[in-house]
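Asks: My questions are about this predicted structure, shown below with the sequence.
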Amino acid sequence: MLPPLFLLTTLTLLTITTSTPHHPKPRAPQTSTATPSAPSLNPPFGSKRGLAYNEHSPSGSLSLFTPHTSITWGYNWNSSPRSLPSRFAYVPELHSLRAEHTSDWDDNVHKALASSSTTSSSPSGADGEMYLMSFNEPDLADQANISVTDAVQGFAQYMMPFATSTPPHKDGLKLGSPAVSNVRPAPGDDGKPKGLPYLKAFLAKCETLPQPCRIDFVPIHWYGCRKGCPLATDVDKFKKHVGEAVEVAVYQGRQLPLWVTEFATFGDEEGFLKEVLPWLDGHADVERYSYFWVGEGSLVQDGGLSGVGEVYVS
């Protein structure tokens, strides 16, 4: 059992060291006594924009986004939607191979499927598909922390059963590869692959299985410069990283779409979003994205949308 992780604030984000361009995320939430409306699992593709949230998102904050049609889906590093309003599609994620995440994975996915099929208020996806994401930053010791070999085996065990007929989806659900960080190896590291090299190794090993993994999309994460880099620098580095990820995200001869499920700058957030949101919306290889995160001081502030949040929903 890991020690409890803490709620992120703007201050803690700014104090993260440059050698680890990453932040800790709280563990999957425990069972709640609340009974929220069940979100759909198949959003419309009219907008790529989603919400990254969890149990530490301020109470009621998700409802701030419901009037905005630019937001269509959400995820919470977990397999149970908790308080996500039913207007939004929910994408379950198998956070890690730890028992706290695997023990209820199958049940939660089937519950989400059943709830989705009876939720009339949620818009149906233009393609009618449903999606599952796998391990959260397995390349980092303070997150899923899974070797490439174990990740491939875990994917085969927990994700691949949903690749075949899963009523009402006769062709199975759409499965996402592990979501890797943009950390680069540093002197003194353990020598294990990180970031896109981890993703490349995972995809290559998946292809060697007797039954190769089914992979339909590739989530990635990106965090910008911690040293007060100019806005233009972060924008350029973000675009370059997405471009590099596109080059890696080729599997069994197919170009897989990207989901940028965590990204943030530590500089001018509003200026950054104004630059990159139109670019992401127009990028043919980016299928969905979610800015980090529905948290106080990020997308929300004092019971309302922050300035950053207002830009994000616009």
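Replies: Received the coordinates, thanks. Numbers count the residues shown, from 1 in each chain.
Asks: Now do the helices in this structure.
Replies: For the chain, applying DSSP state H gives helices covering 10-14, 99-102, 105-117, 148-154, 196-207, 231-248, 269-282, 307-313.
Asks: quick one, what contacts residue 165?
Replies: Going by C-beta atoms under 8 Å, 6 or more residues apart in numbering, residue 165 touches 171, 172. Quick note: C-beta positions are derived from backbone N, CA and C, even for glycine.
Asks: Need the pLDDT of it.
Replies: Looking at residue 165, its pLDDT is 78.
Asks: what about the stretch 51-200 of the chain, any weak spots by pLDDT?
Replies: Where the stretch 51-200 of the chain drops to pLDDT under 70, the residues are 117-128, 187-188.
Asks: Go ahead and flag the most central residue of this protein.
Replies: Residue closest to the mean C-alpha point of the chain, counted by C-alpha atoms, centre = their mean, is residue 261 at 3.4 Å.
Asks: roughly how far apart are the nearest residue to that one once chain neighbours are set aside and residue 236?
Replies: Leaving out its chain neighbours, the residue that sits closest to residue 261 by C-beta to C-beta, 6 or more residues apart in numbering is residue 219, at 4.5 Å. Residue 219 is 22 Å from residue 236, where distance means C-beta to C-beta, to the nearest Å.
Asks: Also residue 193?
Replies: Counting by C-beta to C-beta, the gap from residue 193 to residue 236 is 25 Å.
Asks: ok, now residue 176?
Replies: Distance of residue 176 to residue 236, given as C-beta to C-beta: 27 Å.
Asks: Those two: which has the busier surroundings?
Replies: Using other C-beta atoms under 10 Å as the criterion, residue 176 and residue 236 rank with residue 176 on top: 26 against 13.
Asks: residues in contact with that one?
Replies: 131, 132, 133, 134, 215, 216, 217, 218, 219, 259.
Asks: Which strand residues bridge the nearest residue to it once chain neighbours are set aside?
Replies: Counting by C-beta to C-beta, 6+ apart, residue 176 lies nearest to residue 133, which is 4.2 Å off, once chain neighbours are set aside. Beta bridges link residue 133 to residue 93 when assigned by DSSP bridges.
Asks: Neighbours of residue 133, how many?
Replies: 24.
Asks: And it, how close does it get to residue 52?
Replies: Noted for residue 133: a distance of 11 Å to residue 52, by C-beta to C-beta.
Asks: same thing with residue 131?
Replies: Distance from residue 131 to residue 52, counting by C-beta to C-beta: 15 Å.
Asks: Over to residue 104?
Replies: Computed as C-beta to C-beta, the residue 104 to residue 52 distance reads 21 Å.
Asks: of the two, who's got more company?
Replies: Comparing residue 104 with residue 52 by other C-beta under 10 Å, the one with more neighbours is residue 52, at 23 against 16.
Asks: That one contacts residue 289, correct?
Replies: No: judged on C-beta atoms under 8 Å, residue 52 makes no contact with residue 289 at a distance of 9.7 Å.
Asks: can you list residues touching both of these two?
Replies: Common neighbours of residue 52 and residue 289 (C-beta under 8 Å, 6+ apart) are residue 261.
Asks: burial of residue 204, as a residue count?
Replies: Neighbours of residue 204 under the rule other C-beta under 10 Å: 12.
Asks: Give the buried residues for stretch 229-246.
Replies: 229, 231, 234, 235, 237, 238, 239, 241, 242, 245, 246 (16 or more other C-beta atoms under 10 Å).
Asks: Mind jotting down where the strands sit in the protein?
Replies: 49-52, 71-75, 89-90, 131-132, 174-175, 218-223, 250-251, 254-255, 258-264, 286-291, 300-301, 304-305 (DSSP state E).
Asks: The last one: partners in the sheet, and parallel or antiparallel?
Replies: Here the strand partners of strand 304-305, with direction, are listed using DSSP bridges: strand 300-301 (antiparallel).
Asks: Need the residues that contact the partner strand.
Replies: With contact meaning C-beta under 8 Å, 6+ apart, strand 300-301 is reached by 57, 58, 61, 64, 294, 306, 307, 309.
Asks: How far off centre is it?
Replies: Centroid separation for strand 300-301 versus its chain: 20 Å, with C-alpha atoms, centre = their mean, to the nearest Å.
Asks: any idea of the mean pLDDT for that strand?
Replies: For strand 300-301, the mean pLDDT works out to 98.
Asks: Repeat that for stretch 266-281.
Replies: For stretch 266-281, the mean pLDDT works out to 97.
Asks: Only the buried residues of that stretch, if you could.
Replies: Quick answer for stretch 266-281 (16+ other C-beta under 10 Å): 266, 267, 269, 270, 272, 273, 275, 276, 277, 280.
Asks: any chance of those in CSV, plus distance to residue 201?
Replies: As requested, these are arranged in CSV below (distance: C-beta to C-beta, whole Å):
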residue, distance to residue 201
266, 29
267, 32
269, 33
270, 37
272, 30
273, 32
275, 32
276, 28
277, 31
280, 26
